[in-house]
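Chemist: Take this sequence and fold it.
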Amino acid sequence: VALKVTTQACAAVLLLATALIKYLSSDANLTGTKLSCLKLIVGLLFIFRESYVQLLTSQHWSFMVSVLDPRQSAQWFAPISGLTSVLSAGAGLVV
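Modeler: Below is the predicted model of the structure:
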């Protein structure tokens, strides 16, 4: 239930931010207040994204702990953690 609620909240925030960014950047002459608002929204969206990634990671590991027994945890946690670290680093290089 918590994962569903946080996912829906994240989707709503991202849709709202997208709409605001599209509205503010629709003018070809971005100066003054619009530019400042656009920078503020992008900055806040970055902070939101980083916070949401932390929340998702915590929820993921909490779910895994509740589903797996200690033997399965020992078998799966290291490969999952290693793979996500490698993929994150690879994605960072691509961007």
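
Chemist: contacts and neighbour counts: CA atoms only from here.
Modeler: Noted.

Chemist: from the middle of its chain, how far away would stretch 46-60 be?
Modeler: Chain-centre distance of stretch 46-60: 5 Å, with Cα atoms, centre = their mean, to the nearest Å.

Chemist: And the helix or strand harbouring residue 56, what's buried?
Modeler: Applying DSSP states H and E as the criterion places residue 56 in helix 32-67. Under the neighbour-count criterion of 16 or more other Cα atoms under 10 Å, helix 32-67 has 34, 38, 41, 45 buried.

Chemist: check contacts around the first one.
Modeler: Pointing back at residue 34 there. Residue 34 makes contacts with 24, 25, as judged by Cα atoms under 8 Å, 6 or more residues apart in numbering.

Chemist: change it to 7 Å
Modeler: By Cα atoms under 7 Å, 6 or more residues apart in numbering, the contact list for residue 34 reads residue 24.

Chemist: That one and residue 89, how far apart?
Modeler: 34 Å (Cα to Cα, to the nearest Å).

Chemist: do the same with residue 7
Modeler: Between residue 7 and residue 89 the computed distance is 24 Å (Cα to Cα).

Chemist: Flag the shaky bits of this structure, pLDDT-wise.
Modeler: Filtered on pLDDT under 70, the chain yields the residue ranges 28.

Chemist: switch the cut-off to 80
Modeler: For the chain, applying pLDDT under 80 flags the ranges 1-3, 27-31, 95.

Chemist: Can you get me the centre-to-centre distance for the helix holding residue 56 and its chain?
Modeler: Chain-centre distance of helix 32-67: 5 Å, with Cα atoms, centre = their mean.
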